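> how would this look folded up:
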Amino acid sequence: MDHPQLPNAVQSPSLAAWEKKFCIKVGAMPWKRFAESKNSLFKTDKVFEWDNSAGLKAF
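Reported below is the predicted structural model:
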């Protein structure tokens with residue numbers, strides 16, 4: 001399965017190329033979208049307070 005390549009403006013020299021390729025191939029998501037989503041997680045503390053005990057019980 002082929003995914004679109006990232007434009008040169010999105011590529012960051014401080015990030016390993018394999019990380020971007022992994023994100024595109026396995027996650028089927030452009031790196032820029034992944035980075036934006038990751039950054040939005042830190043805008044609220046509720047994400048880090050999430051209680052996953054029900055999931056643990058299910059297993």
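
> just for this structure, where's the confidence low?
Residues of the chain meeting the criterion pLDDT under 70: 1-14, 42-45, 47-48.

> who are the packing partners of the longest helix anywhere in it?
Longest helix in the chain, counting residues (DSSP state H): helix 31-41. Counting contacts by 3 or more Cβ pairs under 8 Å, 6 or more residues apart in numbering; DSSP states H and E, helix 31-41 packs against helix 17-25. (Each C-beta comes from the backbone N, C-alpha and C, glycine too.)

> still on that earlier bit, residues of the longest helix of the chain that come out buried?
31-32 (16 or more other Cβ atoms under 10 Å).

> what angle do helix 17-25 and that helix make with each other?
With axes from the mean of the first three to the mean of the last three Cα atoms, to 10 degrees applied, the angle from helix 31-41 to helix 17-25 works out at 90 degrees.

> which element follows helix 31-41 toward the C-terminus?
helix 53-58 (DSSP states H and E).

> what's the neighbour count on Lys20?
Neighbours of Lys20 under the rule other Cβ atoms under 10 Å: 20.
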